[in-house]
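Peer 1: Sequence plus the predicted model coming up.
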Amino acid sequence: MTASEGTRALVARVRRCGAFAAFLLGAVASLAFPPYALMPLGIVCLAGLWWLWAGASPRRAALLGFNFAAGLFLAGTYWLYVSIHVFGRAPLALALVLMAGMVAIMAVQGAAWGWLIARIAPANGLVRALALYPAGWVLMEWARGWLLSGFPWLALGYSTIDTPLAGLAPVIGVYGMSLAGALTAGILLALIEAGMQRRLVLLGLAATVWGGAALLVRIDWTRPAGAPLGVAIVQGSISQDLKWQEENRDHTLEVYRSMTLPALGTPLIVWPEAALPILYHEAVPFLTPIYQEAQAKGSDLVLGLLRYDFETEQYRNGLVALGAEEEWYYKRRLVPFGEFFPVPSFIRAWMRLQSLTYVDFLAGAAEQGALDAAHQKLGVTICYEDAYGVEQLSVLRTATLLVNVSNDAWFGDSSAPHQHLQIARMRALEAGRWLVRATNNGISAYIDPRGRVVVKSHQFVPEVLHGTVVPYQGLTPYARVRNWPVLGTCLLLLIGAGRWRRRRPSR
């Protein structure tokens, strides 16, 4: 057997076991995200999936897409088990069913795109690699962000935030970075079978994409709008499995009081999401003396607290700014099976019998203005709703500073807090604003308008994290045009690839 025959035989064997290979590629691709952050793996593994797709029937491509997405989300979001079972105390069987259901939903979307792309894929390998595959992948990521309430996690663009492609974020957003990364994967795929002359063209295309993005990094799209501002983040580090126990209530209140008092005098003090294990109206006697002393020393407080709405008789997850006036922001994007339960009544009855939480929270209004605190306009998000970047753009017309409060204690010592910090960095980069991120037990951080972490807290340590931020104003190109240029480009590429396929036979 010659060397070329041996190579062809090896390729054939790999493609025969492609289903397992696709799953393995998806699992390895998850290492492109924090805490590992091995960025090239995301691009290389995606190119590997597309190599397996070459010549596959729609049914086969669907299977490969399903397995790749299943591997990616099973390995990349294993922390759902920690949240649901370890801290949520759901029965093991229920936790596994919910986690498997989420992974299956993501995998079905991967299968659907694999089937569709195989149906319209032209014979020309360059058109597939440089147009159809990248465009289809980005459209799938975007659809995943809103379909069935949405789960915009593990988008390829996030993994490239520490590369020259970061220059694209304030121009075309995270999905634009995904498109650039996916195009790079397509170039890798095309290089396999290209001749020398074509390889030079492909390498030139890659250099143009990455070099152009690197030039954009140097541009300041927004501008300072005032003097530097001192901020203090109070990270109480109360373990999630202890926080809501009645015997620990007074201890938690004392932790936040004793950590906050020495920080008074700092213009802005921020507590994390649901910082206290009581509702707002129950906390008023505790908060009143702290607020009065804060005002006397020139500090405004921004506190994440749960609130019972007596008018609607429902609970809200909110953030209150206690400055000259009391202003509220209410969480818009609620967590399925955490803050609301999309299940029929008989399952709710079973949950009640099992002493499981099943009360739905009330979502906040889709459009909420910036909050006033420390003479700034705060664009606020709570927990994982900072993953829905496009929903935060309207507030940038007035907001001078971004604030995200989270409770990543639900995920323990897993990869979730690290992934969540990366998402917060992307929001600061897209908006051209400083972002103050306050979490219950880490990772709290100050992130500058270029998406860089200036200072961050240690995990699982009570800490008052002091920092200085600068208010900014102005709109980045992305804040003006949103995702439309990227989505429009991807749709045109798909339509063009489909027309190419129909026209080729007639030629």
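Peer 2: Ah, there it is. Numbering: from 1, shown residues only.

Peer 1: Tell me the helix or strand right after the lowest-mean-pLDDT helix or strand in the chain.
Peer 2: Every helix and strand in the chain was compared by mean pLDDT, DSSP states H and E; the lowest is helix 345-353, with a mean of 52. Where DSSP states H and E defines the elements, the next helix or strand beyond helix 345-353 is strand 371-373.

Peer 1: List the strands paired with that following strand, with their directions.
Peer 2: If you go by DSSP bridges, strand 371-373 pairs up with strand 376-382 (antiparallel).

Peer 1: Tell me which helix or strand comes right after the strand it pairs with.
Peer 2: With DSSP H and E, the next secondary element past strand 376-382 is strand 401-406.

Peer 1: Output the contacting helices and strands for the helix or strand just after that following strand.
Peer 2: Counting by DSSP H and E, the element after strand 401-406 in chain order, helix or strand, is helix 416-431. Judged by 3 or more C-beta pairs under 8 Å, 6 or more residues apart in numbering; DSSP states H and E, helix 416-431 is in contact with helix 156-159, helix 169-193, strand 401-406, strand 435-439, strand 445-447, strand 453-456, helix 477-481. Bear in mind the C-beta positions are built from the backbone N, C-alpha and C, glycine included.

Peer 1: try 6 Å this time
Peer 2: For helix 416-431, the packing partners by 3 or more C-beta pairs under 6 Å, 6 or more residues apart in numbering; DSSP states H and E come out as helix 169-193, strand 435-439.

Peer 1: CA-only coordinates of the shortest one in PDB, if you can.
Peer 2: When you say that, I think you mean strand 435-439. What follows is strand 435-439, C-alpha atoms only, in PDB (Å, rounded to 0.1, in the frame of the first residue of the first chain):
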ATOM      1  CA  LEU A 435     -18.200  47.500  34.100                       C
ATOM      2  CA  VAL A 436     -18.400  46.900  37.800                       C
ATOM      3  CA  ARG A 437     -19.100  43.200  38.500                       C
ATOM      4  CA  ALA A 438     -20.200  42.300  42.000                       C
ATOM      5  CA  THR A 439     -20.700  38.700  43.000                       C
END
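
Peer 1: who touches it?
Peer 2: Applying C-beta atoms under 6 Å, 6 or more residues apart in numbering, the contact partners of strand 435-439 are 231, 233, 270, 272, 402-406, 408, 424, 428, 444-445, 447.

Peer 1: Identify the neighbouring strands of it in the sheet and state each direction.
Peer 2: In its sheet, and by DSSP bridges, strand 435-439 pairs with strand 401-406 (parallel), strand 445-447 (antiparallel).

Peer 1: In that strand, which residues are buried?
Peer 2: 435-439 (16 or more other C-beta atoms under 10 Å).

Peer 1: For Lys456, state which of these is nearest.
Peer 2: Taking C-beta to C-beta as the measure, Lys456 lies nearest Arg437 of these, at 8.4 Å.

Peer 1: any idea how far the closest one is from Arg59?
Peer 2: Going from Arg437 to Arg59 by C-beta to C-beta, to the nearest Å gives 45 Å.

Peer 1: Spit out the contact partners of the closest residue to Pro170 other than its chain neighbours.
Peer 2: Spatial nearest neighbour of Pro170, chain neighbours left out: Thr476 (3.8 Å); criterion: C-beta to C-beta, 6 or more residues apart in numbering. Taking C-beta under 6 Å, 6+ apart, we find Thr476 in contact with 170, 221, 432.

Peer 1: Over to Ser457?
Peer 2: Ser457 sits next to 235, 442, 444, 463, 465 when contact means C-beta under 6 Å, 6+ apart.

Peer 1: Show only the entries of these found in strands.
Peer 2: 235, 463, 465 (DSSP state E).

Peer 1: List the residues that contact Ala61.
Peer 2: Contacts of Ala61 (C-beta under 6 Å, 6+ apart): 53, 114-115, 118.

Peer 1: 7 Å - rerun?
Peer 2: Contacts here follow C-beta atoms under 7 Å, 6 or more residues apart in numbering; on that basis Ala61 touches 53, 114-115, 117-118.

Peer 1: Check it and give its pLDDT.
Peer 2: Confidence at Ala61, expressed as pLDDT, is 94.

Peer 1: do Ile161 as well
Peer 2: 98.

Peer 1: Now pLDDT too, for the buried residues of strand 435-439, in JSON lines please.
Peer 2: What follows is the buried residues of strand 435-439, written out as JSON lines (pLDDT from 0 to 100):
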{"residue": "Leu435", "pLDDT": "98"}
{"residue": "Val436", "pLDDT": "98"}
{"residue": "Arg437", "pLDDT": "98"}
{"residue": "Ala438", "pLDDT": "98"}
{"residue": "Thr439", "pLDDT": "96"}
